[in-house]
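In: Need coordinates for the below:
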Amino acid sequence: MVRITKRMLATLVLLSSVIIVLTGLVFLATNVKAAYTMPMKLRVVHKEPAGFDLNTSVVTFGKLNPGQSLDRYFSVNNTGDETVRVVVRRYGELAPWVTINTPIFNVTPEQHSVTFQATVVVPEDAKPGNYTGKLLVIILRQ
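Out: Okay, here's the model as predicted:
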């Protein structure tokens, strides 16, 4: 009898997510105009003041205690002459803690820019340490 550990289960979930994403990208490849991946990171602390980071190349949620949350805002600009569809996904160990307020939206040339929000909520039972993930933003032709 094989005993499945939490680490094995987490690895299987991560691999499944990657396979689903890759399969989806293969089917969408003809419509993908651009794709951007940004690393996400968070440091869980206990009974310390929260901290933040304004880094623009990494989605950094800073230092948070269990039970705390933080919002980050991102703008997607459309400088072209066609409407594009934007799909936002999150992956990795931070993914279950992060929600995207509008994971799929359109940006018209007239709008020029649309902002979306990523919110992290640290579970009450989170252990201290560093947590990572990825934020994937896919721009699709309409």
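
In: pLDDT below threshold where in this protein?
Out: Applying pLDDT under 70 to the chain flags residues 1-2, 24-30, 48-57.

In: Show me the helices in it, by range?
Out: Under the criterion DSSP state H, the chain contains helices at 6-28.

In: can you map out the strands along it?
Out: Along the chain, counting by DSSP state E, strands occupy 32-44, 59-64, 69-77, 84-91, 98-100, 104-107, 113-121, 129-141.

In: hey, which of these is tucked in deepest?
Out: Neighbour counts (mean count of other C-beta atoms under 10 Å) averaged over each of the strands of the chain peak at strand 59-64, with a mean of 22. In this view, the C-beta of every residue, glycine as well, is placed from N, C-alpha and C.

In: Dump it to PDB, keeping only the CA atoms.
Out: Extracted in PDB, the C-alpha atoms of strand 59-64 (Å, rounded to 0.1, in the frame of the first residue of the first chain):
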ATOM      1  CA  VAL A  59       4.300  40.600  -7.100                       C
ATOM      2  CA  THR A  60       5.500  41.000  -3.600                       C
ATOM      3  CA  PHE A  61       3.000  40.900  -0.800                       C
ATOM      4  CA  GLY A  62       5.600  41.700   1.800                       C
ATOM      5  CA  LYS A  63       5.500  40.400   5.400                       C
ATOM      6  CA  LEU A  64       2.100  39.400   6.800                       C
END
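
In: Let me know the angle separating that strand from strand 32-44.
Out: 10 degrees (axes from the mean of the first three to the mean of the last three C-alpha atoms, to 10 degrees).

In: how distant is strand 59-64 from the center of its chain?
Out: The gap between the average C-alpha position of strand 59-64 and the chain average comes to 13 Å, counting by C-alpha atoms, centre = their mean, to the nearest Å.

In: Which strands or helices does that strand pack on?
Out: strand 32-44, strand 69-77, strand 113-121 (3 or more C-beta pairs under 8 Å, 6 or more residues apart in numbering; DSSP states H and E).

In: To residue 16, which of the strands of the chain lies closest?
Out: strand 84-91 (10.9 Å; C-beta to C-beta).

In: I'd like to check the angle between that closest one and strand 59-64, please.
Out: Orientation check (the same axes, to 10 degrees): strand 84-91 against strand 59-64 gives 40 degrees.
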